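Enquirer: Structure, please.
(chains A and B)
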Amino acid sequence: MLTLTINGTTHQVDVESETPLLWALRDTLGLTGTKFGCGIGQCGACTVLIRRAPFRSCGITVGEAAGKKIQTIEGLSTDNTHPVQQAWIMEQVPQCGYCQSGQILAAVSLLRKNTNPTDKDIDRAMSNLCRCGTYPRIRKAIKRAAKLAEAEQ
Amino acid sequence: MIATAMSRRTFLKVTTVAGTGLAVGCVFDNEPTLTMSAGEGGQLGLWVRISPDNRITLVVPASEMGQGAHTGQAMLLAEQLEADWDTIEVVTAPVGSAYGNKKIMYQQVTGGSSSVTAWWDELSEVGAATRELLVEAAAQQWQVSDSQCTARAGRVYHEATARSLSYGQLAGAASRLSPPWRPKIKPREAYRLIGKPIPRLDIPAKVNGSAVFGIDVRRPGMRFAAVSQSPVFGGELTSYDERSALAIKGVESVVAVPNGIAVVADSTWHAHKGLEALGPKFAGGVTRGLDSAKVDAMLRAKLDEMGKAEIKGAETIDVEYQVPFLMHATLEPMNCTAHVTENSCDVWVPAQNQDRCESAAVDASGLSSDQVNIHTTLCGGGFGRRLESDFVTQAVTISRAVSKPVQVIWSREEDTRHGFYRPASMSRFQISVGTDGKPERWANQLACPSVAATFFPPVAWFDFDPTTYEGAKPIPYTVPDFDMEYTNVDFGVPIGSLRSVGALHNCFYVESAIDEAAHLARVDPFEYRRELLGEHPRHKKVLESVAKASNWGTALPEGHGRGIAIIECFDSVVAQVAEVSITGRGRLKIHRVDCVVDCGRVVNPDIVKSQMQGGIVFGLSIATREEITIKDGRVVQSNFDDYRIMKLKDSPIINVHVIQSDRESGGAGEPGVPCAAPALTNAIFAATGKRIRRLPIGKQQL
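Expert: Residues are numbered from 1 along each chain as shown, chains lettered A, B, ... in the order given. As a prediction, the model looks like this:
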């Protein structure tokens, strides 16, 4: 048994320690908001936050993640009240939506470190792939989220 | 109680749901002579469900794969229904003849950018008829005439006595009425929804992880399967190590599937590990010995077979263009969940072609079509790949073998190597321009596998495939002596429809060639096109609008260039201008793209805009870096590390202008894609004098 702390809740999971965190989240714990896209850390659909930093959960094992604070899309807010979620709705970002859990968490992490990111900062931080081409709206939504978060303070 | 009425085109059916709600169904009939009796009511598709608690579920034909079709179709229906937009839920319809797409041979297909254009009238009629039933129910209850009542935002009002009833309160009574003979369609002046940038219905669930895609389906007792198929197309399985696979923890069984083999386990990860241990080996195959050099040689041989045209004139162009195979690269890999029992087969699948899924499930399950239920989930991208049903065959085959619900998820490697690729093609242009600079003769030859033949084989026998030569014939430019010839090529590599299909390659070809002609004529590429579009005012307006939006003709910084392109496809006209610069070290930067679209009557301008933005990124990604190559009969690329798609940092500023017009609606999901490549390569030419005649741009010297 390994212990995972996800969105503030502790879970005992009966999987081999080398299991990628992605599959423990999806198949063992039923947290399907985290998506599978490539399995080699390229696309970012499986992005989660571990100790507030973005990680590709396909490339990190349950053994490595055990005992650390993990946040998934389900832990952001279920009622879409987080400023990044709000900005994503205001800018009508998602198309198919499959990559957006990862995009949103990457943006959350960026905004925690940098409350007023420039275009360059956004370029550097956002490496997640979106096949629908929502990039222009992601860029706008991150800037809007920064303003929303500032207003909340 | 079931009541029916028949009008010329619409056959409506009203029935109760659980005794208290209202459900409205209908089929659509374009043959006025067709008659239908009430006894056939069971075949009707249900379109609207209204429950006593005021929830409204719209059952629409389209799959939602990011293009906004659920919202667009719901807007058309809700506009006439006068529904409260905030109470609406949308689901994709089950398989039924009522949902056949009249633009795609009455197949239940989401494709061809037709979700709005094919369904406008039908959705309006269902909405209007349902509204009239609710109004009539209210009028009866109040003992007033229908004409004194009005419907608005989910309620019926009797203004004179300040009374109102919600749709939920009226649903039961409405379900006992006869549907109207000819529902009155609300005129466009009275629209409350259509034409407005209404927020999409699917977005809230897509920002908190609750949206259910194919891979998110969970069934009691469900197992997970991983598959491996012959890397050489059409090859056969020769050996595998079943014992090693079964020795992996969680692995339960090994099942043969068409063209491959599957490992079933208690988790996706265990299935994947099991497949590794299984180590299946394959031999033979139809593409054995094929490589990309051979593909090129076959294309060139086909062009040579057609032979060059005789061309005379003051000045001439004689050039060849080519594009590679491409994959769809939906971010959600191919997957399907199936549960086959002795007498039922349920399939949960992100799909664009429910009819094809049903046929595949019938074949693989051995059951009849009325025992098969196709449940369409949200699609994590479609772009044409999900018009196929190979994943359904696999899931149903495996579930039948193990008698349990099974979810098949392809690895990205499997997805990359077993696509239905946008075909590689080659196009030759011989153009002569007269002393006035205008083209006199235009001889264009295209060698390309036939895309239409993938769903209707006979077209390949006659080299007749308007899908594959869309954008190349006809062209909007005035050319006195125009000649376009097409020939099919078959490499054995599976091919299919990729977002915008023939227009995707032909727009690159034609819009590059006309740019070359403009250069030869020493005329500005925008002015040259405008002059030649004399007989196409709609095109001309779009072209002029994009020139204005992009400040065409104004000075640019050193090293920058602008390129322009235009296309008509899916009944829409789109023009784009790209602005690029090339650094001293030959690095390309795309600064901005301006886009103007005329897609006729617009349902939701913000969705049109998002489809243009996304289409442009899609097109630029294809133009700059995407390529599937073949070696030893198999696809070389395997994942996103060697099949690269555009990232945010490389995507330019995109400005979209939507022209509102009174024309019939055109499509929006696909027409944004084709111009991106030629606008870009024409801009590169303007900046550097280097003409890109082969995609992707990749590492070509700029």
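
Enquirer: can you map out the helices along chain A?
Expert: A:21-23, A:62-65, A:83-90, A:100-113, A:119-125, A:135-152 (DSSP state H).

Enquirer: next one: the stretch 601-702 of chain B
Expert: Using DSSP state H, counting those that start in this stretch, the helices of the stretch 601-702 of chain B run over B:605-624, B:676-688.

Enquirer: Neighbours of A:Thr5, how many?
Expert: Using other CB atoms under 10 Å in any protein chain shown as the criterion, A:Thr5 is surrounded by 16 other residues. The C-beta positions use only the backbone N, C-alpha and C, and glycine is treated the same way.

Enquirer: Kindly state the domain boundaries assigned to the chain.
Expert: Picked chain A for this. What the record gives for chain A is the domain set A:2-74, A:83-152, from automatic domain parsing.

Enquirer: nope, chain B please
Expert: If the domains of chain B are taken from automatic domain parsing, they occupy B:3-206, B:214-284+B:334-409, B:293-325+B:421-688, with pieces of a single domain joined by a plus sign.

Enquirer: State the helix or strand in which B:Leu77 lies.
Expert: Per DSSP states H and E, B:Leu77 falls inside helix B:69-81.

Enquirer: what residues does whichever helix or strand comes after that helix touch?
Expert: Stepping forward along the backbone from helix B:69-81, the first helix or strand reached (DSSP H and E) is strand B:88-92. Outside of strand B:88-92, the residues that reach it under the criterion CB atoms under 8 Å, 6 or more residues apart in numbering or on different chains are B:55-64, B:70-71, B:73-74, B:78, B:201-202, B:354, B:376.

Enquirer: If we check chain A, which of those are in contact?
Expert: With CB under 8 Å from any CB of the partner chain as the criterion, these include B:Asp202 near chain A.

Enquirer: Now intersect the contacts of strand B:88-92 with the strands, please.
Expert: Using DSSP state E, the members of the contacts of strand B:88-92 that fall in strands are B:56-60, B:376.

Enquirer: who wins for neighbours among those?
Expert: The member of these that has the most neighbours, counting by other CB under 10 Å, is B:Val60 with 28 neighbours.

Enquirer: residues contacting the residue nearest to B:Leu123 when sequence neighbours are not counted?
Expert: Distance criterion CB to CB, 6 or more residues apart in numbering or on different chains; nearest residue to B:Leu123, sequence neighbours excluded, is B:Leu76 at 4.0 Å. With contact set as CB under 8 Å, 6+ apart, B:Leu76 has these partners: B:116, B:119-120, B:123-124, B:127, B:194, B:603.

Enquirer: From B:Ala160, how far out is the residue lying closest to A:Glu64 once chain neighbours are set aside?
Expert: If you skip the residues right next to it in sequence, A:Glu64 has A:Leu21 as its closest partner in space, 7.7 Å away by CB to CB, 6+ apart. With distances taken as CB to CB, to the nearest Å, A:Leu21 is found 65 Å from B:Ala160.

Enquirer: close enough to count as contact, the residue nearest to A:Glu64 and A:Leu49?
Expert: No. Taking contacts as CB atoms under 8 Å, A:Leu21 lies outside contact range of A:Leu49: 11.7 Å.

Enquirer: more neighbours, these two?
Expert: Using other CB under 10 Å as the criterion, A:Leu21 and A:Leu49 rank with A:Leu21 on top: 29 against 22.

Enquirer: Which pLDDT value goes with that one?
Expert: Confidence per residue is given as pLDDT, and for A:Leu21 that number is 98.

Enquirer: cool, B:Ala676 as well?
Expert: Here, the pLDDT recorded for B:Ala676 equals 98.

Enquirer: and stretch B:643-655, what's its mean pLDDT?
Expert: Throughout stretch B:643-655, pLDDT has a mean value of 98.

Enquirer: Next: stretch B:434-445.
Expert: On average, the pLDDT along stretch B:434-445 is 96.

Enquirer: can you check stretch A:139-153 too?
Expert: Averaged across stretch A:139-153, pLDDT comes to 93.

Enquirer: Tell me which residue in the stretch 601-702 of chain B sits closest to chain A.
Expert: For the stretch 601-702 of chain B, the residue closest to chain A is B:Val617, as judged by CB to the nearest CB, at 2.8 Å.

Enquirer: What about that residue, how many residues nearby?
Expert: Residue crowding around B:Val617 was assessed by other CB under 10 Å; the count is 29.
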